[in-house]
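Chemist: Take this sequence and fold it.
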Amino acid sequence: MAKAMRFLAGMALSMGLALPVLAQEPAADTVVAVVNGTNITLGHMIVARESLPEQYKTLPNEVLFKGILDQLIQQTALEQSLADKITKAQTIQIENDRRGYLSNIALEAVVSTAVTDTALQAAYDARFKDAAPQTEYSAAHILVDSEEKANELKTQLDGGADFAELAKANSTDTGSGANGGDLGWFGLGMMVKPFEEAVVAAEIGKVAGPIKTDFGFHLILVNETRVAAQPTLDDLRDELASEIEQAAVEAYVKSLTDAATVEKPGEGIDPAVLSDLTLLDK
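Modeler: All right, here's what the predicted structure looks like:
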């Protein structure tokens with residue numbers, strides 16, 4: 001290539017001609033290929049590369065360049081092959097895709113600026129400002145399929161039988177049964193209502209029940225209670241960030257739609273027509 005360049009330069013000088021610029025600094029608008037008059041630019045290639053999965057971006061540059069350029073050429077040829085064959089439904093889908101893509105871009109700035117340390121702290125403080133201390137319970141249970149069986153086991157427990165051993169031998173909740181009926185620590189809202197109410201009312205160390213739920217009949221032993229530790233800001237960071245983003249998006253969208261001139265001439269249309277695909281052929 002260097003020899004060819006020197007040869008062309010020599011030829012130009014010997015003929016008294018100015019040597020033309022053979023290359024320019026690459027730019028987004030630099031044309032890299034032309035397919036039946038349609039330009040493919042370096043910008044198209046760069047954006048295509050950015051949309052690739054990360055594992056493909058590690059390929060050698062020359063491999064990526066050729067692969068992306070070939071793909072864009074093929075896609076352009078395929079697009080041109082449709083000419084006027086695109087259906088109304090396909091045209092509408094393209095319009096919807098463009099609308100959705102651009103609406104996401106419009107929200108990116110809103111989302112990127114919504115979550116700040118100040119906003120996170122305010123959301124955290126608001127959630128726990130008036131929150132009462134919550135109680136957690138350490139309990140075990142024996143689950144059986146009949147009240148008669150539950151009462152039989154209750155009689156054995158009242159007579160001094162070991163709760164854990166009876167749970168292992170009789171509980172149909174095989175998960176906790178293998179651990180002597182132990183359910184670990186849990187807070188309110190984690191168990192079905194009748195079970196939860198029985199746990200709250202139970203006397204520590206004394207078997208309660210039988211309690212009927214949709215799962216069967218329970219004998220419940222509350223071992224201990226404690227005040228639940230309040231989660232830290234870091235514990236809830238992702239959850240709070242999601243809530244803040246959602247609120248910011250909703251507020252921004254509302255402000256735009258409230259300020260827009262919106263008319264709805266189609267409100268009187270029968271909603272059932274949404275499933276009428278034949279309308280796309282009319």
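Chemist: What segments of the stretch 1-150 of the chain are strands?
Modeler: Counting by DSSP state E, counting those that start in this stretch, the stretch 1-150 of the chain has strands at residues 31-35, 38-41, 135-144.
Chemist: G175: which of these is closest?
Modeler: Evaluated over those, closeness to G175 peaks at strand 135-144, with 10.2 Å, by CB to CB. Every C-beta, even on glycine, is put in place using the N, C-alpha and C of the backbone.
Chemist: hey, C-alpha coordinates of the closest one in CSV?
Modeler: In CSV, the C-alpha atoms belonging to strand 135-144 read as follows (Å, rounded to 0.1, in the frame of the first residue of the first chain):
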residue,chain,number,x,y,z
THR,A,135,-42.5,-8.4,66.6
GLU,A,136,-40.9,-11.5,65.1
TYR,A,137,-41.7,-15.0,66.3
SER,A,138,-39.7,-18.2,66.6
ALA,A,139,-42.2,-21.1,66.4
ALA,A,140,-42.6,-24.7,65.4
HIS,A,141,-45.7,-26.6,64.2
ILE,A,142,-47.0,-30.1,63.5
LEU,A,143,-49.3,-30.3,60.5
VAL,A,144,-51.8,-33.2,60.1
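Chemist: buried sites along it?
Modeler: Using 16 or more other CB atoms under 10 Å as the test for burial, strand 135-144 gives 136-144.
Chemist: can you tell me how far the residue nearest the centre of the chain sits from F128?
Modeler: The chain has S242 as the residue nearest its centroid, 10.3 Å off, counting by CA atoms, centre = their mean. S242 is 17 Å from F128, where distance means CB to CB, to the nearest Å.
Chemist: next one: A83
Modeler: Relative to F128, and taking CB to CB, A83 is found at 63 Å.
Chemist: Compare these two (neighbour count), which wins?
Modeler: Between A83 and F128, counted using other CB atoms under 10 Å, the more crowded position is F128 (11 against 7).
Chemist: hmm, back to that, the residue nearest to the centre of the chain: helix or strand, and which one exactly?
Modeler: Using DSSP states H and E, S242 falls within helix 233-259.
Chemist: picking up where we left off before, same list (the strands of the stretch 1-150 of the chain) but as JSON lines, adding distance to K66.
Modeler: Shown next, in JSON lines, are these (distance: least, CB to CB, whole Å):
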{"stretch": "strand 31-35", "distance to K66": "11"}
{"stretch": "strand 38-41", "distance to K66": "13"}
{"stretch": "strand 135-144", "distance to K66": "61"}
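Chemist: As CSV, those with mean pLDDT would be great.
Modeler: Shown next, in CSV, are the strands of the stretch 1-150 of the chain (pLDDT from 0 to 100):
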stretch, mean pLDDT
strand 31-35, 96
strand 38-41, 96
strand 135-144, 96
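Chemist: To what extent is Q80 buried, counted in neighbours?
Modeler: Using other CB under 10 Å, Q80 is surrounded by 12 other residues.
Chemist: what do you get for the one 4 residues further on?
Modeler: With neighbours defined by other CB under 10 Å, the count for D84 comes to 4.
Chemist: Strands along the stretch 151-282 of the chain, start to end?
Modeler: Going by DSSP E, counting those that start in this stretch, the stretch 151-282 of the chain shows strands at 182-187, 207-213, 216-227.
Chemist: and the longest one, which strands flank it?
Modeler: When pairing is defined by DSSP bridges, strand 216-227 lines up against strand 135-144 (antiparallel), strand 207-213 (antiparallel).
Chemist: for stretch 256-276, how far is the first residue from the last?
Modeler: Using CA to CA, to the nearest Å, the end-to-end distance of stretch 256-276 comes out at 32 Å.
Chemist: Give me the contacts around that stretch.
Modeler: The contact list for stretch 256-276 (CB atoms under 8 Å, 6 or more residues apart in numbering) reads L279.
Chemist: Same question for stretch 46-63.
Modeler: Applying CB under 8 Å, 6+ apart, the external contacts of stretch 46-63 come out as 28, 64, 67-68, 71-72.
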